[in-house]
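Enquirer: this one's structure only:
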DNA sequence: TACAAAAACTAATAAGCGTTAGTTTTGTAA
DNA sequence: TTACAAAACTAACGCTTATTAGTTTTTGTA
């Protein structure tokens, strides 16, 4: 018997993907072995293949789950009837909460996408590029409407996304500051830097 | 004969480390093989061991070179007789220029330190933690002297460092914007966000 | 020109990898 | 209780890895 039973709405495949996210984050995709993953799941390595197709498939599942989550949220934000500044704040807050709530998967998508195989690698990069372009468009709108300083929107998007990504280092300081303060301080820092 | 000769002041070991930086950045430490590295250098794999001790040693050389560069510059900055805001700007600009001029090595130090072996792993993390604490101290000084808003200095340091780190994605846009504009825009964005 | 050291080479090793094949155990429903 | 399918197991394959051993070639110097 497996030591870890999947719950009612959680297939064993989901359990494997969750454990893989944690393992890939901690050791990196290449350094994490299927034998280690199997031990974390509570089975022998070959048994994993009753539920998944390959190691690569696990990375694909993780990366595209994250990519789709971000894209969906962006669409929802674009449809909102509010100022560009408000939209940017919503997006920043969403990124922050994803970094905190879906840490393992977001981390893996951010760091290990490199090891995706074609055509998944190209797909993933295209999706990310497309996402960034839509963020730039929102910033350009804000600049046009004089809500924002006339900075280079590419640089600003790069700065925003990278700053939020940096929450991967947050684990260490979690105890000292509440996540509410964290969110507000980051939004303040990043928005004040560009708002007129 | 080796295809690539070391120059006057460049030992073959230096050539190997440079090629390793590039390879580790592109493929990751684990995915990059010594055979690939040897090919890049222009020899057979075992010949590398006439110049280096191990693959791990290469990663150590790269990571600690970068760590020491940053620490040296921080010391020089701390000794300057100027405001906290000025110091922060100097540090931001140094980080940006390192990201642009020493791209491969900084990238590897940022992404692949995980694969350092003990005691090097602990050393590296301690050095980084120490570095961050000294940045926090500079920010605290700025807040105390009312140069800066009263934000949480840990959050601000995290935001600054992460934003600058994000320049690893810069390669793509290099053609569109000059590095001077880039530097100024980023400094503006990040400093305006915290300066009173 | 001869000698010594440096650095290249070929061949091989042990270990670990993802994965497959074939078999046995387990859980479910008739 | 029997039968079937899902999922576990053991054993093993072919491949790649970093690295070592032993040998030959190249290089610099006396």
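Expert: Alright, I've got the coordinates. All figures in this text were calculated on a predicted structure; none of them were measured in a lab. Numbers count the residues shown, from 1 in each chain, chains lettered A, B, ... in the order given.

Enquirer: Please see if stretch A:26-46 touches DNA strand D.
Expert: Yes: legend: contact between stretch A:26-46 and DNA strand D by CB under 7 Å from any atom of the strand is shown at A:38, A:43-46. From N, CA and C alone the C-beta is placed, and that goes for glycine too.

Enquirer: Near chain B, which residues of chain A are found?
Expert: Within chain A, the residues that sit near chain B (CB under 8 Å from any CB of the partner chain) are A:27-28, A:30-31, A:111, A:114-115, A:149, A:151-152, A:154-156, A:158-159, A:161-167, A:169-170, A:173, A:176-177, A:181-182, A:185-186, A:188-194.

Enquirer: coming back round to it: turn the residues of stretch A:26-46 next to DNA strand D into CSV, including pLDDT and secondary structure.
Expert: Shown next, in CSV, are these (pLDDT from 0 to 100; DSSP: H, G, I helix; E, B strand; the rest coil):
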residue, pLDDT, secondary structure
A:38, 97, helix
A:43, 96, coil
A:44, 96, coil
A:45, 96, helix
A:46, 97, helix
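
Enquirer: residue ranges with poor pLDDT in chain A?
Expert: Along chain A, the model assigns pLDDT under 70 to residues A:1-9, A:172-175, A:193-196.

Enquirer: residues from it in reach of DNA strand D?
Expert: A:1-2, A:12, A:38, A:43-47, A:50-51.

Enquirer: Could you tell me which residues of chain A lie near DNA strand C?
Expert: A:1, A:32-36, A:45-46, A:49, A:54-56.

Enquirer: Mind doing that once more with 10 Å?
Expert: Chain A comes close to DNA strand C at residues A:1-2, A:5, A:23, A:27, A:29-38, A:44-50, A:52-58, A:117, as judged by CB under 10 Å from any atom of the strand.

Enquirer: Which among those residues count as buried?
Expert: Neighbour counting over the residues of chain A next to DNA strand C (16 or more other CB atoms under 10 Å in any protein chain shown) leaves A:23, A:29-32, A:34, A:36-38, A:48, A:52, A:55, A:58 as the buried ones.

Enquirer: Report the separation between the residue most central in space within chain A and residue A:112.
Expert: Nearest to the mean C-alpha position of chain A, by CA atoms, centre = their mean, lies residue A:106 at 3.2 Å. According to CB to CB, to the nearest Å, residue A:106 stands 11 Å off from residue A:112.

Enquirer: follow-up on the earlier one: for DNA strand C, state which of the residues of stretch A:26-46 next to DNA strand D is nearest.
Expert: residue A:46 (3.1 Å; CB to the nearest atom of the strand).

Enquirer: Phi and psi next, for the residue lying closest to residue A:84 once chain neighbours are set aside.
Expert: Closest residue in space to residue A:84, ignoring its immediate chain neighbours: residue A:142 at 3.2 Å, by CB to CB, 6 or more residues apart in numbering or on different chains. For residue A:142, the backbone dihedrals are phi -60, psi -40 (criterion: degrees, to the nearest 10).
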